[in-house]
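# this is the structure alone, sequence omitted:
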């Protein structure tokens, strides 16, 4: 049965756009789509309760949508018509997903399988051709975020409750190794070698306002870098995301971008030397009669040419577009309630 979930409204024809930024508004029922050429919202997909994440088929024809309403299913939607093609059963509540570069596999972080009192998790693997789950690899605690090597051979995922990073071998379809931490882990980014193999993993350590550097070959943490103390004045504690939440590597592998809630900024580092380049301040929460608060930077994505980085701020209903080379804000884009994960679709 075809089900029309997406109520589409476009101010600009989507066929004319090349790079589209999808924004899941976790506090509402919509997914906003930004045209990266104009930095305007050109489409809103509605009637999806608390959407978590959107990923894409390799040809851009299908959207893979996960929401808190459909906790145990992947919604496969036709991008142009907004019709649901299929709902793929999952082993539990999906908290994040990625696809391999060749588009053959959809990899899903399961935050809670519901099999134990604590949050037992899994990595669900879905064949993108048949849209069937082919494997579920159990882990002892729930998984929150993941990243895939460019060669599609490994995926790294973080377990906040278990305070560990786990790396899966996708050829053997099994867990390969772990790194244990003293703090909960949040978003993850992988730096790749020229052949597409993993070189280093960068891991947000939320409560510590820091990120960890894991050497892929050594299978161990080799450095830990705390966010700069300035700017300051936006408070610690928790908002709609943790202190350090949101990390990304530009597609050209030349810069690393890391969010900081206490600084209400995104910091940029050069790669491979991890040298601090500077920061860009992000939208603040204006509180009448009180000092401004952090807008709670949440997630990061890039245009494929590495010229623009986008940062969602879940506390202020805003996505900020930043010129990577100039390290300057170029647009603040109003979106829906509690914007969370953002992802880029590049159309031919």
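Arrived safely. What you see is a predicted model; the values in this text were computed from it and never measured.

# isn't residue 245 up against residue 204?
Yes - Residue 245 lies in contact with residue 204 (Cβ atoms under 8 Å); the separation is 5.9 Å. (C-beta placed from N, C-alpha, C; glycine too.)

# who touches both of the two?
Counting by Cβ atoms under 8 Å, 6 or more residues apart in numbering, the residues touching both residue 245 and residue 204 are 186, 187, 259.

# so what pLDDT did residue 290 get?
Here, the pLDDT recorded for residue 290 equals 81.

# check the secondary structure at it for me.
With DSSP: H, G, I helix; E, B strand; the rest coil as the basis, residue 290 sits in coil.

# how much space between it and residue 189?
From residue 290 across to residue 189, the span is 34 Å (Cβ to Cβ, to the nearest Å).

# more crowded one of those two?
For residue 290 versus residue 189, the count of surrounding residues by other Cβ atoms under 10 Å is larger for residue 189: 22 against 8.

# who does that one bridge with?
residue 202 (DSSP bridges).

# residue contacts, it?
Applying Cβ under 8 Å, 6+ apart, we find residue 189 in contact with 147, 201, 202, 247, 248, 249, 256.

# by neighbours, which of these wins?
The most crowded member of those, judged by other Cβ under 10 Å, is residue 256 (27 neighbours).

# name the SS class of residue 207, please.
Residue 207 ends up helix, using three-state DSSP.

# chain neighbours aside, what residue packs nearest to it?
residue 183 (5.2 Å; Cβ to Cβ, 6 or more residues apart in numbering).

# go on, residue 205?
Spatial nearest neighbour of residue 205, excluding adjacent residues (Cβ to Cβ, 6+ apart): residue 183 at 4.7 Å.

# just checking, that neighbour touches residue 209?
No - counting by Cβ under 8 Å, residue 183 stays clear of residue 209, with 10.1 Å between them.

# neighbour count: these two, which is higher?
Neighbours per residue (other Cβ under 10 Å) separate residue 183 from residue 209, with residue 209 holding more: 22 against 18.

# surely the more buried one and residue 258 touch.
No - counting by Cβ under 8 Å, residue 209 does not reach residue 258; the two are 9.7 Å apart.

# what about the strands in the stretch 101-250 of the chain?
Per DSSP state E, counting those that start in this stretch, the stretch 101-250 of the chain carries strands over the ranges 105-112, 121-127, 132-139, 145-148, 154-159, 164-169, 174-180, 185-192, 198-205, 210-215, 220-226, 247-249.

# okay, helices next: where are they in the stretch 1-150 of the chain?
Remark: no helices are assigned in the stretch 1-150 of the chain by DSSP state H, counting those that start in this stretch.

# returning to that earlier point: pick the most deeply packed of the strands of the stretch 101-250 of the chain.
Most buried of the strands of the stretch 101-250 of the chain by mean neighbour count (mean count of other Cβ atoms under 10 Å) is strand 154-159; its value is a mean of 26.

# that one packs against which elements?
With contacts taken as 3 or more Cβ pairs under 8 Å, 6 or more residues apart in numbering; DSSP states H and E, strand 154-159 sits against strand 121-127, strand 145-148, strand 164-169, strand 185-192, strand 198-205.

# could you check the angle strand 174-180 makes with the third one?
Computed by axes from the mean of the first three to the mean of the last three Cα atoms, to 10 degrees, the angle separating strand 164-169 from strand 174-180 equals 160 degrees.

# lovely, talk soon.
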